[in-house]
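Colleague: What follows is a predicted protein model with its sequence.
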Amino acid sequence: VQLVESGGGLVQAGGSLRLSCAASGSIFSINNMGWYRQAPGKQRELVAAITSGGSTNYADSVKGRFTISRDNAKNTVYLQMNSLKPEDTAVYYCNVGVVTTTLPYEYDYWGQGTQVTVSS
């Protein structure tokens, strides 16, 4: 299973970015999908998550500004980030729980990470 992220970049404070993460490979089903971020010198933290049924969960710091969504037909998860702040600067990683066609259990896969930089 491969996860390919896209959409990071440099944006001014108050701007918007949309991250995408597409999963491919021997996928039988995908359960939870989520986005994490890691800023320099800090631990990786959960930003947002979405279940297979569409229930969502957000970190308090991004509620009202970020929106997570998924397209099950494309095995893709998105993170729409609005009203970006300098403190949102981090490497963003997608995380996907996948049951493959070869193994009878779920395994967590991680994307390669995409840099988001918000200038003040």
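Modeller: Yep, that arrived.
Colleague: any low-confidence regions in the protein?
Modeller: By pLDDT under 70, the chain has no low-scoring segment.
Colleague: Spit out the contact partners of the residue most central in space within it.
Modeller: The chain has Trp35 as the residue nearest its centroid, 2.7 Å off, counting by CA atoms, centre = their mean. Contact analysis of Trp35 by CB atoms under 8 Å, 6 or more residues apart in numbering lists 19, 21, 46-49, 68, 77, 79, 92-95. All C-beta spots, glycine's among them, are computed from the backbone N, C-alpha and C.
Colleague: Show me which residues of the helix or strand harbouring it are buried.
Modeller: Per DSSP states H and E: Trp35 is located in strand 27-38. For strand 27-38, a neighbour-count test (16 or more other CB atoms under 10 Å) marks 30, 32-37 as buried.
Colleague: Also stretch 90-103?
Modeller: For stretch 90-103, by 16+ other CB under 10 Å, it's 90-100.
Colleague: any idea which of these is the one closest to Val118?
Modeller: Ala90 (9.3 Å; CB to CB).
Colleague: Show me what the closest one bridges to in the sheet.
Modeller: Taking DSSP bridges as the rule, Ala90 bridges to Val116.
Colleague: got it, and Ser69?
Modeller: Tyr78.
Colleague: Repeat that for Ala49.
Modeller: Here Ala49, judged by DSSP bridges, has bridge partners Gly34, Asn57.
Colleague: ok, Ser26 - contacts?
Modeller: 1, 100-102.
Colleague: Would you mind measuring from it to Met33?
Modeller: 17 Å (CB to CB, to the nearest Å).
Colleague: before we move on, what about Asn72?
Modeller: Asn72 is 10 Å from Met33, by CB to CB.
Colleague: now swap in Gly25 and tell me
Modeller: Taken as CB to CB, the span from Gly25 to Met33 is 15 Å.
Colleague: Could you do Asn95 as well?
Modeller: Counting by CB to CB, the gap from Asn95 to Met33 is 7 Å.
Colleague: swap in Asp60?
Modeller: Asp60 is 20 Å from Met33, by CB to CB.
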